[in-house]
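Visitor: Structure for this input, please:
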Amino acid sequence: MKVLKLILKNPLRHKLRTFLTLLGIAIAVIAFGLLRTVVTAWYVGVEGSSANRLVTRHAVSFIFPLPYAYRDKILQISGVEEVTFANWFGGVYKDKNNFFARIAADPETIFDVYPEFVVDKKELETFKKERNACIVGEGIAKQYGFKIGDIITIEGDIYPGRWDFVVRGIYKPKFKSTDASGMYFHWNYVNERMREEMPEREGDVGWYIVKIKDPSKTASISNQIDALFKNSTAETKTEDERSFQQGFIASSGAIITSMNVISFVIIGIIMLVLGNTMIMSARERTREYAVFKALGFSAKHLIGLIMGESLMIAAVGGGLGLFLTFPIVAGFEQVIPKGFFPVFQIETITIILAISAAVLIGIVSAIFPIHRALNTKIIDGFRFVG
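Guide: You can find the predicted model right below:
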């Protein structure tokens, strides 16, 4: 009980130093939590991938189109349940900073292949019937205030000109990892206009999404699809959806790795901050520890005293930082466009890592002061002037 009282009182002996240490730990934990959230948000698309979906794209690069005629040939392969297709539309909504995925797709099949996009049946039927209709995700509907019946005007870049789309549905994400920031509209609407204005681009499809019956046959079906179009003018590369998503992430691998490394470097900074505080405290209390020894305090008492103070500071600073991380991450989520990070929230693993780091730092920071206190002789402690 006496040791516990000392643990609670000792940090208050140097209030400013303790306050700055707590502040430094809290800021470091906030930075760690924010960086880790960015890293985990980057991988949400991979985590949300389905095992029974394949993606067929141009073998050279994703940016090259595929012929619309490929669809029926892919459907004939044994094990294929459904085939849909999509095309990256691009364009600008009011401002270039308003980024979200704008996809020209097959209205009849796109939401069958992606059942995690939950759409009201009536809204879906209306969407299918109306040539310039679109369905938007709940995320961007909230961000930009889209409602059923609103007209979304897009200034085209990949597909030049002014494009007006009528919101006929708002889809909701079925899972936490489901992207709710997309905008889907009729591929035929775009294709018909290309036929009139740019005939050479008529019938271009960006990529195919293939729904298969048995995920264990992914490799076999992928090879069969690619074999169909081997030596053609538009050869294909087919892979499971997870690998397809990882291909996009790989292009930004250096950035993600750097952020991941920096987030853990921050842990080292916290350790140095707290370690410095504990070393200074131990040096100042050298004579006190000698007095404790002379009064009969055991090594266990000294270890508890120093370790307890270090853990308490680490826990309070880390807890404060973690508490503030939630509103700060929520604030960033409101500021950044939904299209960049469809799901931007603190993952459980980030919380676990932050708590574990705080405990570990509290323990490690106390090691040197404990070693010094235990190995300093009583007489040397009384002689110490610091």
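Visitor: only C-alpha atoms for contact and neighbour calcs from this point on.
Guide: Will do.
Visitor: Just the buried residues of stretch 205-214, please?
Guide: Within stretch 205-214, the residues that count as buried by 16 or more other CA atoms under 10 Å are 205-212.
Visitor: Throw these into CSV and include pLDDT and secondary structure, thanks.
Guide: Below are the buried residues of stretch 205-214 laid out as CSV (pLDDT from 0 to 100; DSSP: H, G, I helix; E, B strand; the rest coil):
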residue, pLDDT, secondary structure
205, 94, strand
206, 93, coil
207, 94, strand
208, 96, strand
209, 95, strand
210, 95, strand
211, 94, strand
212, 93, strand
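Visitor: Quick check: closest non-adjacent residue to residue 156.
Guide: residue 91 (4.2 Å; CA to CA, 6 or more residues apart in numbering).
Visitor: Return the list of helices and strands in contact with whichever strand or helix holds residue 33.
Guide: Using DSSP states H and E, residue 33 sits in helix 15-42. Counting contacts by 3 or more CA pairs under 8 Å, 6 or more residues apart in numbering; DSSP states H and E, helix 15-42 is packed against helix 253-284, helix 299-335, helix 348-375.
Visitor: Looks like the residue nearest to residue 156 contacts residue 152 (just checking).
Guide: No. Counting by CA atoms under 8 Å, residue 91 sits too far from residue 152 to count as a contact (11.6 Å).
Visitor: between the two, which one's more packed in?
Guide: Legend: neighbour count by other CA atoms under 10 Å for residue 91 and residue 152, higher for residue 91 (23 against 15).
Visitor: OK, contacts around the more buried one?
Guide: 102, 154-159 (CA atoms under 8 Å, 6 or more residues apart in numbering).
Visitor: Now it: phi and psi?
Guide: Residue 91 adopts backbone torsions of phi 80, psi 180, taken as degrees, to the nearest 10.
Visitor: can you tell me which strand in the chain is longest?
Guide: Identified as the longest strand of the chain according to DSSP state E is strand 161-173.
Visitor: Just the mean pLDDT for that one, thanks.
Guide: Averaged across strand 161-173, pLDDT comes to 95.
Visitor: my guess is residue 218 contacts residue 54, does it?
Guide: Yes. Counting by CA under 8 Å, residue 218 touches residue 54, with 7.5 Å between them.
Visitor: Between those two, which contacts overlap?
Guide: 212, 239-240.
Visitor: Confidence-wise, which helix or strand of this structure is lowest on average?
Guide: Here the helix or strand of the chain ranked lowest by mean pLDDT, DSSP states H and E is helix 44-47, holding a mean of 60.
Visitor: ok, back up a step: okay, residue 218 and residue 54: which has more neighbours?
Guide: Taking neighbours as other CA under 10 Å, residue 218 and residue 54 compare with residue 54 leading, 27 against 19.
Visitor: who's the spatially closest residue to residue 105 that is not a sequence neighbour bridged to?
Guide: Among residues not flanking residue 105 along the chain, residue 86 sits closest, at 4.3 Å (CA to CA, 6+ apart). Beta-bridge partners for residue 86, by DSSP bridges, are residue 105, residue 207.
Visitor: From residue 360, how far off is residue 86?
Guide: From residue 86 across to residue 360, the span is 49 Å (CA to CA, to the nearest Å).
Visitor: got any ranges where this protein has weak pLDDT?
Guide: Flagging of the chain using pLDDT under 70 yields the residue ranges 1-3, 43-49, 247-255, 336-342, 381, 384-386.
Visitor: Would you point out which residue is most central in it?
Guide: Taking CA atoms, centre = their mean as the criterion, residue 41 is the residue nearest the geometric centre of the chain, at 0.7 Å.
Visitor: Quick check: the gap between that one and residue 348.
Guide: 12 Å.
Visitor: Residue 166 too?
Guide: 39 Å.
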